[in-house]
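Novice: Make a model of this:
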Amino acid sequence: NPVGMKEYRRCNENNVDLNRNCMENLPEVAAQRDPNVANYESFRSFLSPEDKLPTPWFSTLGIWWSLLPELCRHGYLALKRAMVSGQYHHPKGLFYGGQERQPSIQRLIEFLDSRPELFRDIPFMLWIDVHTGLGPFGKDSIHYHETMALENSTNLPTSAAEMQEKFFSTAHSVTKSMAKGEASDAFQGYDLTAGMLTSFLAESSQKNNNKPGLFLVQEFGTLPGVLVGRALILDNMLYQHHLSTTVDSESKERYSYRSPWLKKAFYPQSTKWRSSIVKRGVALMLQAIELSTSLAEERRRK
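Specialist: Prediction:
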C-alpha cells in the first residue's frame, strides 16, 4: 500500500482498506452482503458524516458531543463492530472493502502463485501479520488460524488458553475464534469481519497446498480504542474534504495529503512502546518457530 504509507492512512488511493479486500469472488460477495449486517448504516451519520469538515472545535470537543450519547446508548463494542466489520457499498466511508480486488492484493497473490517452490519445498508454513491499534499500550494480542492439515496434531493445543500457556505465555492474550464471547478484548467485535488478509492466505494455502500451517495476527495496542476510532473518523472526514477541494486549478493535479491523526494513533512516538513491540515481536517469532518446529517434526514422524 505505497499510497497509504505516504499519506499515513489505512486505505489506498481508492479509499479501499486492503485488509477488507481479500476474498474470492469479491464483486459477488460485495453485492450480496447486507449493508447493515454490523449496523454500519445505523451509525453511518456518525461514523462517516457527509460534507463535514473536522474543524478544531469538532476535532477536540464536537466529536465527543456526538460520540458520548452513542456510547451510552449502544456501548463501545457495538460501535467498534460497525466500524471494523468492513462495508462494501459506501466508497467514501470507513473500512470500505471495495467492489473489486485491488492491485496491491492482486500483485501479492500473483507473486505467491508464481513461486510454488515457496510452498512445495517446506514442511510447515508460518505466517505472522503484525498490526497496531487495539489492545493495551505496547502489549500484543494474538489471533491464530491453523490449516486443516493440523487438525489431528497431538502437539497443537486445542484451545487458545492452552496455546498461550504452552507456546505464547508472554503475550497479553491469545484468540482462536472471533465468535461472540470467545475473542480477547482486542479482537472482540470482529465476528462479522470479512476480507482480512491472514484469513484469506490461510484458506488459500489450505485449498492450494494442503500444507500444515499456522497463520498469526499480532496486534499491538496503542491508544484506547475510542481514541483510535476518533482518529479514523476525523481522518476520513478530512480526506474526503481534501478530495473535493484540493485540486490545482491550472495543472489539475491534486495536492498531497498526509493524515494528521493516524500516525499518532497507530505508531505512538514513545520509546517505551517501540521497545516493547521490538521485544515482543522477536519473542513471538522465536516462540512461533519453536511451535512450527515441533509440529513439523511430528508430521515427519507420521
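Novice: Could you list the low-pLDDT ranges of the stretch 51-200 of the chain?
Specialist: 120, 148-152 (pLDDT under 70).
Novice: for it, what spans make up the helices?
Specialist: With DSSP state H, counting those that start in this stretch, the ranges of helices along the stretch 51-200 of the chain come out as 56-57, 63-74, 76-84, 103-113, 117-120, 160-166, 197-208.
Novice: between these, which one is nearest to residue 280?
Specialist: Closest to residue 280 of these is helix 160-166 (Cβ to Cβ; 13.5 Å). Just so you know, the C-beta spots here come from the backbone N, C-alpha and C atoms, and that holds for glycine as well.
Novice: partner strands of the top strand by length along the chain, parallel or antiparallel?
Specialist: The longest strand of the chain (DSSP state E) is strand 125-137. Here strand 125-137 has these sheet partners by DSSP bridges: strand 213-221 (parallel).
Novice: and the partner strand, which residues are buried?
Specialist: For strand 213-221, a neighbour-count test (16 or more other Cβ atoms under 10 Å) marks 213-221 as buried.
Novice: what do you get for stretch 144-163?
Specialist: Buried residues in stretch 144-163 (16+ other Cβ under 10 Å): 144-147, 149-150, 153, 156-157, 160, 163.
Novice: Against residue 214, how distant is the residue nearest to residue 288 when sequence neighbours are not counted?
Specialist: Leaving aside its chain neighbours, residue 288 sits nearest to residue 126 (5.6 Å; criterion: Cβ to Cβ, 6 or more residues apart in numbering). Distance, residue 126 to residue 214, using Cβ to Cβ, to the nearest Å: 6 Å.
Novice: if I look at the two, which residues touch both of them?
Specialist: 288, 292 (Cβ atoms under 8 Å, 6 or more residues apart in numbering).
Novice: Could I get the full set of strands for this structure?
Specialist: 125-137, 140-146, 173-175, 213-221.
Novice: Check what contacts the second one and list those residues.
Specialist: Under the contact criterion Cβ under 8 Å, 6+ apart, strand 140-146 has outside partners 134-135, 156, 160, 163-164, 168, 171-176, 178, 183-187, 198-199, 202, 212-221, 277, 280-281, 284.
Novice: Kindly recompute the last result at 7 Å.
Specialist: 135, 156, 168, 171-176, 178, 184, 186-187, 198-199, 202, 214-220, 280, 284 (Cβ atoms under 7 Å, 6 or more residues apart in numbering).
Novice: Next, the angle from it to helix 197-208.
Specialist: Calculated by axes from the mean of the first three to the mean of the last three Cα atoms, to 10 degrees, strand 140-146 forms an angle of 20 degrees with helix 197-208.
Novice: Which of the strands of the chain sits closest to residue 290?
Specialist: With Cβ to Cβ as the yardstick, what comes closest out of the strands of the chain is strand 125-137 (10.7 Å).
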